[in-house]
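A.B. asks: Give the three-dimensional model of this entry:
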Amino acid sequence: MHLRDRRRPVGVPRGARVSIGSPVSGPETFAEDRREILRQASAALGGRPVTVWEVSAHAHLETQASSEPAPGYHSSKLDVDATLRRWHIPILQGSRWVGCRIEEPDRPWLVAPVRTRPPAPPPEGRERRSRERLTIELAGLCIGLLDRREVGWISGSGLGGLDPLQDITTLPGIIAHELSNPLTAARAGLQLAMETLGGWTEIGAGRRLEMLDELGQVVDDIDRGVSFLRAIKDRARGALARSERFDAVRVVRSCCTLESRVLRDKKIPLELDTALGNVYLKGDPNALYDMLVNLIRNAADATAGRGTPIRVGLERSGSDLRLTVRDEGVGIRPQELERVFEPGFTTKEFGEGSGMGLVVVQSVVRNMFGGSIRVESTPGAGTTLTVTLPIPPQRSVDLPPGRGVARS
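C.D. replies: Residues are numbered from 1 along each chain as shown. Okay, the predicted model is just below:
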């Protein structure tokens, strides 16, 4: 594809002196450039309509732009289930895709992400992608580069600089990634040293076992550190809503790992009780994470000053995943128990609660995962919240339900 040179911005008469490279382009020019990219991609694909979609907050693909002024339904309506979800691609809110239908209706689509960097080169340098596929990928790259310029123009720099808000949201994940690599290498080196030490006959057996035990404790500390960093990475992987297949057990473990450190300063133990390996749900993992954070912190508020533990349980019950959060706090009076899901209702002191926490929790449980939530409480003895989430069909053999204890 060849993009025509736009040295004279829209609205500037011929003969006017314009400094090349200065930020004189406006939003209308960028929109026109985007349409021109799609038009040229359409021409390279034999006139087939080329469309750009953006993922909405409800994980739907909404048409953002098209090579046609009035695109038809079949040429612009992308079937998400038959394309992105069937290809097991995470559907992130705000992500964009460019594509076209390569044949008649009900035939396959060509779809590529809008990106700012080209994809990795083909294995062994042998190009296997078709010309049509390369055209769509190049269109996605051109639009991504154009939109990066647009962000720079809107911010006033005109240089396409970095977005500071994006830096803030991605920095925790970057730090966690950079720290976890040397820790993993250190753990591998430590294990090698332990294997070598185990074979040293020059050291007495008793002393050797003592040293191996001490080194094993260091390995455990490294594992806890890596688990903590993994929890940060899981939390920072996307602040945007998404709908994808994800491991709910890992999300729960990550949440408990982070929250246990938060509650440690309050001298409130947090215990995770589960024997599950992997259980996959469909939805937004961040929504499940935030839901559990809400429940844990509500329990922490109820147990403030008591020092009693909060127990999080995760087990499989038939075709459901059951998540429980138990505390031994002040409890909820019977006349208040039936109002806990009312917007604005709270049992906390004035100024300490918004009354929206459990409303959000109930919305996530019902609307995103199609589950249910139940509250049981005894004044002065504590509260138990039970969340039941239906488990969709799993791709591997289901693990038998079991129960064990793993403490965070």
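A.B. asks: how about the helices in this structure?
C.D. replies: 27-44, 73-76, 131-155, 164-198, 205-236, 248-264, 285-302, 334-337, 357-363 (DSSP state H).
A.B. asks: and residue 321, which of these is closest to it?
C.D. replies: For residue 321, the closest of those is helix 248-264, at 6.1 Å, according to C-beta to C-beta. Where you see a C-beta, it was placed from the backbone N, CA and C, and this is true even at glycine.
A.B. asks: Quick one: mean pLDDT for that closest one?
C.D. replies: Across helix 248-264, the average pLDDT comes to 88.
A.B. asks: for that helix, which positions count as buried?
C.D. replies: Residues 248-260, 263 are the ones in helix 248-264 that count as buried (16 or more other C-beta atoms under 10 Å).
A.B. asks: just stretch 327-345 next, same as before
C.D. replies: In stretch 327-345, counting by 16+ other C-beta under 10 Å, buried: 327-332, 340.
A.B. asks: repeat for stretch 109-123
C.D. replies: Across stretch 109-123, burial judged by 16+ other C-beta under 10 Å covers 109-115.
A.B. asks: Give me the pLDDT for the residue of the chain most remote from its centre.
C.D. replies: Farthest-out residue of the chain from its mean C-alpha position, per C-alpha atoms, centre = their mean: residue 202, at 52.0 Å. The score at residue 202 is 83. That number is its pLDDT.
A.B. asks: go on, residue 345?
C.D. replies: Reported pLDDT for residue 345: 59.
A.B. asks: Can you tell me how far residue 286 is from residue 35?
C.D. replies: Note on residue 286: its distance to residue 35, by C-beta to C-beta, to the nearest Å, is 34 Å.
A.B. asks: Please say which of the two ends up with more neighbours.
C.D. replies: residue 286 (19 against 16; other C-beta atoms under 10 Å).
A.B. asks: which residues touch the nearest residue to residue 340 once chain neighbours are set aside?
C.D. replies: Spatially, and ignoring its direct neighbours in sequence, residue 340 is nearest to residue 358 (5.4 Å; C-beta to C-beta, 6 or more residues apart in numbering). Shown in contact with residue 358 (C-beta atoms under 8 Å, 6 or more residues apart in numbering): 294, 298, 340-341.
A.B. asks: Could you tell me how many residues sit around residue 301?
C.D. replies: Using other C-beta under 10 Å, residue 301 has 19 neighbouring residues.
A.B. asks: Pull the contacting residues for the closest residue to residue 223 other than its chain neighbours.
C.D. replies: Spatial nearest neighbour of residue 223, excluding adjacent residues (C-beta to C-beta, 6+ apart): residue 187 at 7.2 Å. If you count contacts by C-beta under 8 Å, 6+ apart, residue 187 has them with 219, 222-223, 226.
A.B. asks: before we move on, what about residue 144?
C.D. replies: 114-116.
A.B. asks: Pick out whichever of the buried residues of stretch 109-123 sits closest to residue 99.
C.D. replies: residue 111 (3.6 Å).
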